[in-house]
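Engineer: Quick one: sequence and predicted model below, then my questions.
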Amino acid sequence: MKLNVQIIDDDQVIIFLHKVIIKKSGLSADPAIFSNGQQALNSLLQNFQQGERYLIFLDINMPVMDGWQFLDEIQKLPFEKSIMVVMVTSSIDASDKIKAKVYSQVIDFIEKPLKFDACNKLIQLPEIAHFL
C-alpha cells in the first residue's frame, strides 16, 4: 500500500511553503501539486490504483473547481474511502469549519499556512502512521 500526498492550491507561494513542510515532516518526499480541484480530480480518475490511499491538502477558494466542488465530486467516486482530506485555508469563517465536518473524508481543518506541528499531528494518526 502507498500513501499519495497531494497539495491542491492556486497560490504558488503557499504551494512552495507547503511542499517544503510536507517533505521535512516526512509525510512525502514528492507531493503531487495541482492548482485547482479539477486537475486533481482528473488525476485521481486516471491514476487511482486499488490499495492506495490519498492524503490531500485542499484549499477552498480556487478557480475552475474550488475545494467544496472537489469534495462534492469525490463523494461520487467508488474509492472515496481511500481519500483523506486536510482543509488548509485562509478562511476564518466558522461556517466553513462546520461545512467541512459534513464530508467524511475531511480529517482536519487548518488555517494557512500549514505548519510543521500540524504535519506531526497527522503522522500520529493511525490511518496515516502505518504508511510511514
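Structural biologist: Received the coordinates, thanks. Nothing here was measured: the structure is a model prediction, and the numbers come from that model.
Engineer: buried residues in the helix ranked longest in the chain?
Structural biologist: As assigned by DSSP state H, the longest helix anywhere in the chain is helix 12-25. By 16 or more other CB atoms under 10 Å, the buried positions in helix 12-25 come out as 14-15, 17-19, 21-22, 25. All C-beta spots, glycine's among them, are computed from the backbone N, C-alpha and C.
Engineer: Start from the N-terminal end of this protein and give the helices.
Structural biologist: Ranges of helices in the chain, per DSSP H, are 12-25, 37-47, 67-74, 94-100, 116-124, 126-129.
Engineer: residues near D59, how many?
Structural biologist: Neighbours of D59 under the rule other CB atoms under 10 Å: 26.
Engineer: Point out the most buried one among the helices of the chain.
Structural biologist: Per-stretch averages of neighbours, counted by mean count of other CB atoms under 10 Å, single out helix 67-74 among the helices of the chain, with a mean of 20.
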